[in-house]
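> Predicted structure and sequence below. I'll ask about it afterward.
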Amino acid sequence: MTPIDGTTILTADQMRAAEARAMAAGASVDSLMRTAGRAVATAVARLAGDADILIACGPGNNGGDGYVAATVLAAMGRAVRVAALGEPRSDAARVARTAWTGPVEALHDAPPAAVLVDAVFGTGLARALAPDLAATLARLGASARLTIAVDLPSGVATDTGLILGEGPDAAIAADVTLALGRLKPAHLLVPAAERCGAVRLLDIGLTAAIDVDGSLRAAARPSFLATPSFAAHKYTRGMVAIVAGAMPGAAELSAEAALRAGAGYVLLLGETRTTEPHAIVRRPFSAEALADERIGVIVIGPGLGRDAAGRERLDAGLATNAALLIDGDALHLLDEPRLATVRARTAPTILTPHEGEFDTLFGKSDDPRIDRARSAAQRAGAIVVFKGSSTIVAAPDRSGIVTPPADPWLSTAGTGDVLTGAIAAVVAAHATSSVALLDRVAAGVWLHSEAARRLGGAFLADDLAHALSGARAGV
């Protein structure tokens, strides 16, 4: 079992393609199933200790993995039982069932065990669980001390992260999910991720068959956020200019967040209501002020307003040669002509919409969130940070980074402004480095989540900005 940080994410179709390549190179479905089942058995043995184990097997290859795991566990001397939804329907699953020499109980009638292994349905499920199956799995899960899902919890959609059905029992809730071969989007996307528990990755021998281009991967603790060198000064640490507007409190939050996330100099342009922290430099807004070549990132949008003054300030930002982070109100002002300007810019542009802003800017769609973020980044020619319970950072080349579900206490006013400041700080601080812009933006998202984790709960956005100091120092 390995942690998932930084690992590649594949869709159901991509996993099937990897399996097809493995078989073209000489593997068989049977051999792949044996490898997966042994890996599951080893993990379950470590997690279960001496507790009794019930493996719930479905009719497909996920169930076949369960039969193999049961056979291996029994050979280890573990107390393991098998309960099946029905007879296996794939050839490989039939072979695995034949190798299991113990009894097979009817799943609906099976008594519970201390450890439940869900091998009923995995990758590729496209329909809701039958009500009686959902109730049975809920009953067995409620009685177990530990529930382990093989690849994915039964009842979730692999690529969208949706629950296939309604009600609390529509998908089983696992304490641990053993991802086979590679992560799937559902391991990270809410609401499915909430049913996965802790996700760990198992090597099932597909590495050589998977095109590992890193185009979509899970977020990871950033490794490049080093302590400043002794030669560092405020400008080498990164200068961030933040444009204030109709509601200056939002820009104030972004400004403090940028400083606490490591920026060396933060310039706040426009009228503000406070003079604290005193480390923020405050000046009236002017287009000339944005022309300072030392500025690493210009932030425009938090509390900007959507009036003529806001449009004028946005246009001034778009006209600069600096990296530009567009958030909040400024996203609502990005009509098609301004989006064309974004696409034409030679300097990087970063857009940070939440769901409502995203729908306004790019239109509503039932497509998976990851696909929507990637398409939006292509359309805008910009990095898109699609904010939500699981934030997706996408680049115009369709590469992307997906974060695990964030602290739900972040659902309070102003935390998005803090995120904007954190991203700006990291992007500015590493403007001349070889670190890809996508990774710099994702590092700001990571710092934001880490600051929330350190606070624990029931915090204000102001508290979150303060907590960025500890998060940044702790990397």
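Ah, there it is.

> Quick check: which ranges of the stretch 151-300 of the chain have low pLDDT?
208-214 (pLDDT under 70).

> list the contacts for the spatially most central residue of the chain?
Central residue of the chain (CA atoms, centre = their mean): Thr403, 2.3 Å from the mean position. Applying CB atoms under 8 Å, 6 or more residues apart in numbering, we find Thr403 in contact with Leu188, Ala218, Ala219, Ser390, Thr391, Ile392, Val393, Ala442, Val445, Trp446, Ser449. The way it works is simple: take the backbone N, C-alpha and C, and place the C-beta from them, glycine included.

> same question, Leu73
Listed by CB under 8 Å, 6+ apart, the contact set of Leu73 reads Ala41, Val44, Ala45, Ile53, Ile55, Val80.

> Quick one: list the elements packing against the host helix or strand of the third one.
Right, Ala45. Applying DSSP states H and E as the criterion places Ala45 in helix 29-48. Counting contacts by 3 or more CB pairs under 8 Å, 6 or more residues apart in numbering; DSSP states H and E, helix 29-48 packs against helix 12-24, helix 61-75, helix 91-99, strand 115-119, strand 146-150, strand 176-180, strand 198-202.

> So which bits of it are buried?
29, 32-45, 47-48 (16 or more other CB atoms under 10 Å).

> just stretch 455-473 next, same as before
Judged by neighbour count (16+ other CB under 10 Å), stretch 455-473 contains these buried residues: Leu455, Phe459, Ala461, Leu464, Ala465, His466, Ala467, Leu468, Ser469, Ala471, Arg472.

> Only alpha carbons, please: show the helix or strand containing the fifth one as PDB.
Element membership of Ala465 [criterion: DSSP H and E] is helix 461-473. Coordinates of each C-alpha in helix 461-473 appear next as PDB, following Å, rounded to 0.1, in the frame of the first residue of the first chain:
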ATOM      1  CA  ALA A 461     -11.300  33.800   7.000                       C
ATOM      2  CA  ASP A 462      -9.000  36.100   9.000                       C
ATOM      3  CA  ASP A 463      -7.900  33.100  11.100                       C
ATOM      4  CA  LEU A 464      -7.200  31.200   7.900                       C
ATOM      5  CA  ALA A 465      -5.000  34.000   6.600                       C
ATOM      6  CA  HIS A 466      -3.000  34.000   9.800                       C
ATOM      7  CA  ALA A 467      -2.700  30.200   9.700                       C
ATOM      8  CA  LEU A 468      -0.900  30.400   6.400                       C
ATOM      9  CA  SER A 469       2.300  31.500   8.200                       C
ATOM     10  CA  GLY A 470       2.500  28.200  10.000                       C
ATOM     11  CA  ALA A 471       1.500  26.200   7.000                       C
ATOM     12  CA  ARG A 472       4.200  27.800   4.900                       C
ATOM     13  CA  ALA A 473       6.900  27.500   7.500                       C
END
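
> which helices and strands does it pack with?
helix 248-260, helix 415-429, helix 437-455.

> Need the residues that contact that helix.
Counting by CB under 8 Å, 6+ apart, 225, 253, 256-257, 260-262, 410, 412-415, 417-418, 421-422, 447-448, 450-452, 454-455, 459 sit against helix 461-473.

> same thing but 7 Å
Identification of contacts with helix 461-473 by CB atoms under 7 Å, 6 or more residues apart in numbering yields 225, 253, 256-257, 260-262, 412-415, 417-418, 422, 447, 450-452, 454-455.

> Apply the buried test to the contacts of Thr403 and list what passes.
When the contacts of Thr403 are checked for burial by 16+ other CB under 10 Å, the buried set is Leu188, Ala218, Ala219, Ser390, Thr391, Ile392, Val393, Ala442, Val445, Trp446, Ser449.

> Closest one of the residues you listed to Thr432?
Ala442 (18.7 Å; CB to CB).

> so what's that closest one up against?
Ala219, Val393, Ile401.

> Name the SS class of the last one, please.
With DSSP: H, G, I helix; E, B strand; the rest coil as the basis, the three-state label of Ile401 is strand.

> For it, grab the count of nearby residues.
If you count neighbours by other CB atoms under 10 Å, Ile401 ends up with 25.

> same check, this time on Ala226
Ala226 - counted by other CB under 10 Å - has 9 other residues nearby.

> so how far is Gly197 from Leu129?
18 Å (CB to CB, to the nearest Å).

> okay, the two: which has more neighbours?
For Leu129 versus Gly197, neighbours defined as other CB under 10 Å are more numerous around Leu129 (25 against 17).

> I'd say the more buried one and Gly155 touch.
Yes - judged on CB atoms under 7 Å, Leu129 makes contact with Gly155 at a distance of 4.8 Å.

> Quick check: neighbours of the helix or strand harbouring Val385 in the sheet, parallel or antiparallel?
Using DSSP H and E, Val385 sits within strand 383-386. Strand pairing for strand 383-386, using DSSP bridges, gives strand 349-351 (parallel), strand 392-394 (antiparallel).

> Just tell me which of the ones you listed ends up closest to Val266.
Of all the strands paired with strand 383-386, strand 349-351 comes closest under CB to CB, at 16.9 Å.

> moving C-terminal of the closest one, what's the next helix or strand?
helix 355-362.

> Just the C-alpha atoms of stretch 56-65, please, in PDB.
The C-alpha coordinates for stretch 56-65 follow below in PDB (Å, rounded to 0.1, in the frame of the first residue of the first chain):
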ATOM      1  CA  ALA A  56     -18.500  -9.700  -0.400                       C
ATOM      2  CA  CYS A  57     -18.100 -10.800  -4.000                       C
ATOM      3  CA  GLY A  58     -20.000  -9.500  -7.000                       C
ATOM      4  CA  PRO A  59     -20.500 -11.300 -10.300                       C
ATOM      5  CA  GLY A  60     -17.800  -9.500 -12.300                       C
ATOM      6  CA  ASN A  61     -14.000  -9.100 -12.100                       C
ATOM      7  CA  ASN A  62     -14.100  -7.100  -8.900                       C
ATOM      8  CA  GLY A  63     -15.700 -10.200  -7.300                       C
ATOM      9  CA  GLY A  64     -13.000 -12.300  -8.900                       C
ATOM     10  CA  ASP A  65     -10.400 -10.200  -7.100                       C
END
